[in-house]
Structures are given as structure tokens and as C-alpha cells.
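>>> Sequence and predicted structure below; questions after.
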Amino acid sequence: MKVVNIVGSGSLNTELDLETLSEEIGPPQARYDPDKYPGIYLRFEKETPLITIYRTGKYIITGPTSEEEVFDLRERFLNFLSDMDVIENAADEWFSVQNYVCTEDLNQTLNLNALAIGLGLEQTEYEPEQFPGLIYRPEKHNGVVLLFATGRVVITGCQSVDAAEEIFTDLKDDLAEFV
DNA sequence: TGAGCGGCTCCTTATATATCAGCTTCGG
DNA sequence: CCGAAGCTGATATATAAGGAGCCGCTCA
């Protein structure tokens, strides 16, 4: 199971002046175009996860590939704002991970038409003319699975890696029954 | 009839996955 | 000059966020 993306969100619990803040940080770390989108995009280094900051003090982190990375980045972000005197203390008790995107490989090609029937037509959507992957929503889980004819699998919508792994384990068990 | 408000959809960002159309570029 | 090859952007999935725009409803 490989984690390819994590989305986390938190709140600084204070209103922010985005115009001033974006100027204080400055490009290229901060990008702010309120006509295009109401948040500041903050990236500490190129090719690293993105933090989106809102007027209300809420923020989103997108792009980390491990739990350690997402929490380290959150800490760095809070310290950064604290050093700039934007916030008083580097604490934020509301932060939580909202979504994990994971990939896996079944190491076998799949007949997606047969799979749609096997997994249950009510839990699956497969319209190859619209999208080449089969969308599977397991009844007993919150996550959503994308299955491809190559055997590659994308699992998204999970609040933990364990949840994603559970979905994959159940998927393999289901496949063993009718493949 | 029109003002106001609530609810809804879309936009944007990250990311894997694959398949199409449409476009540019390159070689013979 | 034309076919092939390569590239780009659309398609779909989840999720947070704020704002714009839209629709329908209620009340004066």
C-alpha cells in the first residue's frame, strides 16, 4: 500500500488579513489571487506539499505522502506564523487528516465488466466511454476504490491508512471468490 | 412584484490511475 | 506534405476550504 496524497485541515482560530499576509510572506512561497480563488497558496519549497490559507484562519494541507510528513509540515507552518507574529502560539487542536489517497497493484489484469457484476452493480459504476476505471463503493467502508483493467487500484476517501488497507484486503477476498 | 435568504453547484489544490480527442512537432 | 509520435487536457474519485453565481421559496 503506497500513500500518494494526504489532505489535512485545521484552524488557527483567528481571522487573517490575507492581503497583508501574502505580501509579508511574498512570492514565490506565497501566491494570492483573490479574483481566482479566496485562499493564499503557501509552499515552503518547490515540489513540496501545498498549504492553502483562508480569511477565517482555516487552512488545508495537500500533497504529503506520509502521516509524519503532514504533521511535520503542520508544525513548521504554525511555527512559521508564530515567528511572524501572525498567531500567538504554535498550537492548533483542530487539525486532522481528512483524506488518504493510496495505490495498490493486484498484479493481474481485470475484466472490469465481469467485476462490475461480481462486486455488485449497485456498488459499482463502470462507463469506459466516460472513464476507463471502475468505481467501486464498498458497502461496509467509507472509502472509494478505482479499479483498472491493468490491475492497478486507487483507494481514496479514507481517514486512515489502516482503513485503506482494510478495504484492499476485503477486495482481494472478494476477488478470490469469483475470479 | 421584488427583496432577502437558504441551499446548492462550481471553482481550486494535491494525487494515483487510464483513455480519449485534439494539438504540435518531427522525420522521411 | 503527410503519417506517426509525443504531449496536453479533458474525463472520474475523495477531501477540506471561501466565494461567486444560481435557483427556489417565503414574506411583505
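The structure has been received and is ready for your questions.

>>> hey, let's count contacts and neighbours off CA atoms from now on
Fine.

>>> what are the ranges of the helices in chain A?
Assigned by DSSP state H, chain A shows helices spanning A:18-25, A:67-83, A:112-119, A:161-178.

>>> okay, those helices in TSV with mean pLDDT and mean neighbour count next?
Converted to TSV, the helices of chain A look like this (pLDDT from 0 to 100; neighbours: other C-alpha atoms under 10 Å):
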stretch	mean pLDDT	mean neighbour count
helix A:18-25	95	15
helix A:67-83	95	16
helix A:112-119	95	16
helix A:161-178	94	15
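
>>> Next, format those as a markdown table and append distance to DNA strand B.
Listed next are the helices of chain A as a markdown table, based on distance: least, C-alpha to the nearest atom of the strand, whole Å:
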| stretch | distance to DNA strand B |
| --- | --- |
| helix A:18-25 | 15 |
| helix A:67-83 | 12 |
| helix A:112-119 | 10 |
| helix A:161-178 | 13 |
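
>>> Determine which of those approaches residue A:8 most closely.
Checking the helices of chain A against residue A:8 by C-alpha to C-alpha gives helix A:67-83 as the closest, at 7.4 Å.

>>> What is the burial count for residue A:88?
Residue A:88 has 14 neighbours, counted by other C-alpha atoms under 10 Å.

>>> How about it: what's its closest non-neighbour residue?
residue A:82 (5.8 Å; C-alpha to C-alpha, 6 or more residues apart in numbering).

>>> Against residue A:91, how distant is that neighbour?
According to C-alpha to C-alpha, to the nearest Å, residue A:82 stands 9 Å off from residue A:91.

>>> Great, nothing more from me.
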